[in-house]
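K.L.:
Here is a sequence together with a model predicted from it:
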Amino acid sequence: MRGARIAAVLLALAWAAAARAEPLKVVASFSILGDLVRQVGGERVSVAVLVGPNGDAHGFVPSPGDARTLSGARLVVVNGLGFEGWIDRLVKASGTKAPVVVASAGVTPIEEAQEGRAHAGHGHEAHALDPHAWQNVANAKRYVASIRDGLIGVDPEGRATYEARASAYLAELDALDAEVRRTVAAIPEARRRVITTHDAFGYFARAYGLRFIAPQGVSSQSEATARDVARIIRQVKRDRIPAVFLENVADPRLMLQIARESGAKAGGRIFSDALSEPGGPAPTYIEMMRNNLREFSAALAG
Ligand code: ZN
């Protein structure tokens, strides 16, 4: 009799522990944000990502399954700055009541450069914002703060965990920022110029002083015209730009053509808008930034 009562009490305790351990369902719009949420949330959260590894959020077309994923969310985390043009409709369609955290809140946005690109920003407003703010580590730190506050908002019991994890991760991001600066500083100044498919590195360029030229605008959905490509090939030759890079979210053919016709080196694969698969070269934000740095310095070092 007593044994059965103890067993019942133990069962009740186990039940309560299991209920507490049920992770908070968070939906992040794309893979890079998904990693940041995991870094801050740890085991208190389970993260679903709408646009997965190597996926292109610019041209994403949500499915009914994505609406179902959102409907079960306790928190939704998006980039903002016009990156997810499809998110408002999806949130509405899903019927979710979960708060939506805009990770880039507080970031100083860059306006899309319009110089000489008649078709840049096709489908955007005239003064579209550059959404790729995470390419500056200082901005990623703001993302982390937004995510931490968002998680505390829906799960106040986890405050201590979220604060501790965020502050440890922010320290890692400070180290990463210093590493980016050191690595770029080691590249001879005249060689700090690269070509990428779409204009995803504006924030990186401003923060760290590497110059990027891209035939497509800030959306990978814009078409580079034959004139854009010819102009870039002339520019690569004239300015002796050392290397072009292939992006994980873009068709490599355009870059290979530019390399072939300009004589620039085809550098390695860089990750602009999405992580790699787990086990790939860029499965987390920090590893993504390190991978890109390695590729830049390998192709550009004197
Ligand atoms: Zn992009």
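P.N.:
That came through fine. Residues are numbered from 1 along each chain as shown.

K.L.:
give me phi/psi at residue 32?
P.N.:
Dihedral angles of residue 32 (phi, psi; degrees, to the nearest 10) stand at phi -60, psi -40.

K.L.:
residues touching the closest residue to residue 56 other than its chain neighbours, list them.
P.N.:
Leaving aside its sequence neighbours, residue 56 sits nearest to residue 249 (CB to CB, 6 or more residues apart in numbering; 4.3 Å). Quick note: C-beta positions are derived from backbone N, CA and C, even for glycine. Contacts for residue 249 (CB atoms under 8 Å, 6 or more residues apart in numbering) come out as 54, 55, 56, 198, 220, 272, 273, 274.

K.L.:
Wait, a strand at residue 266?
P.N.:
Yes - with DSSP: H, G, I helix; E, B strand; the rest coil as the criterion, residue 266 is part of a strand.

K.L.:
Tell me the secondary structure at the residue nearest to residue 56.
P.N.:
Residue 249 - assigned by three-state DSSP - is coil.

K.L.:
need the contacts of residue 249 in CSV with neighbour count and secondary structure, can you?
P.N.:
Output for the contacts of residue 249, formatted as CSV (neighbours: other CB atoms under 10 Å; DSSP: H, G, I helix; E, B strand; the rest coil):
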residue, neighbour count, secondary structure
54, 17, coil
55, 18, coil
56, 19, coil
198, 26, coil
220, 21, coil
272, 25, coil
273, 26, coil
274, 22, coil
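
K.L.:
So which of the residues you listed is the closest to residue 227?
P.N.:
Taking CB to CB as the measure, residue 227 lies nearest residue 198 of these, at 16.9 Å.

K.L.:
Quick check, that closest one in contact with residue 213.
P.N.:
No - assessed by CB atoms under 8 Å, residue 198 is found out of contact with residue 213, at 11.2 Å.

K.L.:
Do you have the helices of the stretch 201-302 of the chain handy? List them.
P.N.:
202-208, 226-238, 253-262, 285-300 (DSSP state H, counting those that start in this stretch).

K.L.:
Relative to the ion, which of these is closest?
P.N.:
Ranking those by proximity to the ion (CB to the ion) places helix 202-208 first, at 10.1 Å.

K.L.:
Is that closest one in proximity to the ion?
P.N.:
No - figure legend: helix 202-208 not in contact with the ion (CB under 5 Å from the ion); closest approach 10.1 Å.

K.L.:
Tell me how far the most centrally placed residue in the chain lies from residue 237.
P.N.:
Nearest to the centroid of the C-alpha atoms of the chain, with distances taken as CA atoms, centre = their mean, sits residue 32, at 3.9 Å. Remark: distance between residue 32 and residue 237 (CB to CB, to the nearest Å) = 34 Å.

K.L.:
now the helices of the stretch 201-302 of the chain as JSON lines including mean pLDDT?
P.N.:
Formatted as JSON lines, the helices of the stretch 201-302 of the chain follow (pLDDT from 0 to 100):
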{"stretch": "helix 202-208", "mean pLDDT": "96"}
{"stretch": "helix 226-238", "mean pLDDT": "90"}
{"stretch": "helix 253-262", "mean pLDDT": "92"}
{"stretch": "helix 285-300", "mean pLDDT": "96"}
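
K.L.:
Dump these into JSON lines; add mean neighbour count and distance to residue 27 as well.
P.N.:
Supplementary listing: the helices of the stretch 201-302 of the chain in JSON lines, determined by neighbours: other CB atoms under 10 Å; distance: least, CB to CB, whole Å:
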{"stretch": "helix 202-208", "mean neighbour count": "20", "distance to residue 27": "24"}
{"stretch": "helix 226-238", "mean neighbour count": "15", "distance to residue 27": "36"}
{"stretch": "helix 253-262", "mean neighbour count": "17", "distance to residue 27": "32"}
{"stretch": "helix 285-300", "mean neighbour count": "20", "distance to residue 27": "18"}
